[in-house]
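1. Just the structure for this:
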Amino acid sequence: MSEIKNETCIGQVQISNDVVSTIAGTAALEVDGVYGMSGNIKGGLYEIMGRKNLSKGVIVQVEDEEVSVEVNIVIKFGEKVHEVSKEVQSKIKTAIETMTGLTVVSVDINVLGIHAPKEELAN
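-> Numbering: from 1, shown residues only. Sure thing, here's the model as predicted:
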């Protein structure tokens, strides 16, 4: 696991990639229309992660002080996928930059599914 290091006048600050992943996962789940985070798609199935695994479904790459993020989400049925995805990108970028001081250069969203309540499926 790589860590982000930043030299200051009084010492060194290290931010783990797991911390950045958790920030991204938390920000994504705050967006209306996001049902949950998802792990990687395997054999056509996906596993929805609860709030305990906020960094699951998030891949962070750090080079110097620039961050690229890839997030796997499941969107609620009836929501506009494009609008929810754009809001997730914005929330993640703002949260990471505000909390870490790093520059987010990309936030890629993978929509791995749509969650429909059982009542919607019956109609």
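2. for the chain, which spans come out with low pLDDT?
-> The chain contains residues with pLDDT under 70 at 1-8, 40-54, 119-123.
3. Please, where are all the helices along this protein?
-> With helices called from DSSP state H, the chain shows them at 17-29, 81-100, 118-122.
4. Kindly list the longest strand within the protein.
-> If you go by DSSP state E, the chain has its longest strand at strand 103-115.
5. Roughly how far does Ser16 sit from Ile92?
-> Distance, Ser16 to Ile92, using Cβ to Cβ, to the nearest Å: 17 Å. Every residue, glycine included, has its C-beta placed from N, CA and C.
6. These two: who's more crowded?
-> Ile92 (26 against 14; other Cβ atoms under 10 Å).
7. surely that one meets Val71?
-> Yes - under the contact definition of Cβ atoms under 8 Å, Ile92 touches Val71, with a separation of 6.8 Å.
8. shared neighbours of the two, anything?
-> Ala24, Ala28, Val107 (Cβ atoms under 8 Å, 6 or more residues apart in numbering).
9. Scan those residues and report the most crowded one.
-> The most crowded member of the shared contacts of Ile92 and Val71, judged by other Cβ under 10 Å, is Ala24 (29 neighbours).
10. ok, now how distant is that one from Gln12?
-> Ala24 sits 23 Å away from Gln12, going by Cβ to Cβ.
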